[in-house]
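Mind looking at a prediction? Sequence and model below.
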Amino acid sequence: MALELEAGGLTDAGPHRETNEDTIGSFAPSDPLALQRKGYLYVVADGLGGHNAGEVASASAVARLGEEYYSPSNNTRIEPALRQAVQAANLRIHELTHRHPEYHSMETTLSAIAIAGAQAYIAHIGDTRVYHWRAGRLNQLTADHSEAAELVRMRILKPERVRDHPGRSTLTRTLGSRLIPRPDYLRQPVVAGDQFVLCSDGLWSEIEDAELGEVLAKHLPAQACRELLERALARDCSDNVSVQVIRVAAVEPPGPELRRNGWLSGIFQRGQA
């Protein structure tokens, strides 16, 4: 049985921002062999920096990530290919910064998920998030790289207080902040019926986990994205809002190469298709 996914995505500047510094991306190669080897790739990035540099950082990182991940010169195995793609995205931001003084100190968060075979591979840096939903249970897979999250890990701050803490938006890791980034990499086995959510902090700061799980249980990806976005905007959120939802309709068993390696592990933009 071939891998079958259904996906939707939306991004909006929000009611109080003139510029949308979030970028979402959805990638799949046209070559069937490349698709079998590396699967589908989904990305959400939230840029930082003045003079629209945040928008440039997130868009450049997402585009470079997708290009490098599926590049014929990149590794055919998913884990090293994803790591190399993240590093290439980071270098792209540094190149633009050096060429354009107006982009000085621009950075971006990034959360990416590659789904192939019976596994999902995740790369994450910053405070965009990846959630996993299965049989009515929602689990946050990624850990925020922020001052507030560090306080939670030190047991100084309770997890439910992160949304309102002033250190929530002070990031400790991003792409562009250093030449060698420190993303987190993880994997998640997938089964038919699983759903994954990628979102920026503009969404998760307004939507509680329980509410997110309820929406996923009731709607298919495109409608779930619209419902989540509209709820966040209705609460007068102060940030850009982005979300992608991916539903696993059918799973392809891993091939011999993927078992040997040990893990393998329709975007709808607001206003346009």
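Nice, thanks for sending it over.

How many neighbouring residues does the nearest residue to residue 248 once chain neighbours are set aside have?
Closest residue in space to residue 248, ignoring its immediate chain neighbours: residue 194 at 4.4 Å, by CB to CB, 6 or more residues apart in numbering. Backbone N, C-alpha and C define where each C-beta goes, glycine included. Applying other CB atoms under 10 Å, we find 20 residues neighbouring residue 194.

Surely residue 194 is in contact with residue 249?
No - counting by CB atoms under 8 Å, residue 194 stays clear of residue 249, with 9.7 Å between them.

Look up phi and psi at the residue nearest to residue 248.
Backbone torsions for residue 194, taken as degrees, to the nearest 10, come to phi -60, psi 150.

Renumber starting at 24 from here on
Let's use 24 as the start, then, which means that last one is residue 217.

Report the separation between it and residue 114.
33 Å (CB to CB, to the nearest Å).

Same check on residue 170?
Look at residue 170 and residue 114: by CB to CB, they are 26 Å apart.

And for residue 198?
Using CB to CB, we find residue 198 at a distance of 9 Å from residue 114.

between the two, which one's more packed in?
Neighbour count, other CB under 10 Å: between residue 198 and residue 114, residue 198 has more, with 31 against 17.

The more buried one bridge partners, please.
Judged by DSSP bridges, the bridge partners of residue 198 are residue 131.

pretty sure it is touching residue 84, no?
Yes - judged on CB under 8 Å, residue 198 makes contact with residue 84 at a distance of 5.5 Å.

Now for those two: what residues contact both?
68, 112-113, 116, 131, 133 (CB atoms under 8 Å, 6 or more residues apart in numbering).

Now go through the residues you listed and say which are in strands.
68, 131, 133 (DSSP state E).

re earlier: can you pick out the most distant pair from the shared contacts of residue 198 and residue 84?
Pairwise distances across those (CB to CB) peak at 11.6 Å, for the pair 68 and 113.

Could you give me the buried positions within the helix or strand hosting residue 56?
Using DSSP states H and E, residue 56 sits in helix 55-61. Across helix 55-61, burial judged by 16 or more other CB atoms under 10 Å covers 58-61.

can you check stretch 41-50 too?
43-50.

And for stretch 145-162?
Result for stretch 145-162 [16+ other CB under 10 Å]: buried residues 145-157, 161.

and the gap between the nearest residue to residue 264 once chain neighbours are set aside and residue 235?
Excluding its sequence neighbours, the residue lying closest to residue 264 (CB to CB, 6+ apart) is residue 225, at 4.0 Å. Between residue 225 and residue 235 the computed distance is 14 Å (CB to CB).

Just want to know which of the two has more residues nearby.
residue 225 (28 against 23).

Give the rounded mean pLDDT of the longest helix belonging to the chain.
Ranked by residue count under DSSP state H, the longest helix found in the chain is helix 101-122. Helix 101-122 carries an average pLDDT of 96.

for the helix or strand containing residue 49, the distance to its chain's centre please.
Using DSSP H and E, residue 49 sits in strand 45-50. Averaging C-alpha positions (CA atoms, centre = their mean, to the nearest Å) puts strand 45-50 8 Å from its chain's average.

quick one: contacts of that strand?
Counting by CB under 8 Å, 6+ apart, 30, 32-34, 63-70, 78, 81-82, 84-86, 88-89, 92-93, 221, 223, 225, 263-265, 267, 289-290, 292 sit against strand 45-50.

let's see 6 Å
32, 34, 64-69, 81-82, 85, 89, 223, 263, 265, 267, 290 (CB atoms under 6 Å, 6 or more residues apart in numbering).

ok, back up a step: and the ones in strands among the shared contacts of residue 198 and residue 84 as JSON lines, adding pLDDT, neighbour count and distance to residue 98?
Output for those, formatted as JSON lines (pLDDT from 0 to 100; neighbours: other CB atoms under 10 Å; distance: CB to CB, whole Å):
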{"residue": "68", "pLDDT": "98", "neighbour count": "32", "distance to residue 98": "22"}
{"residue": "131", "pLDDT": "97", "neighbour count": "33", "distance to residue 98": "24"}
{"residue": "133", "pLDDT": "98", "neighbour count": "30", "distance to residue 98": "19"}
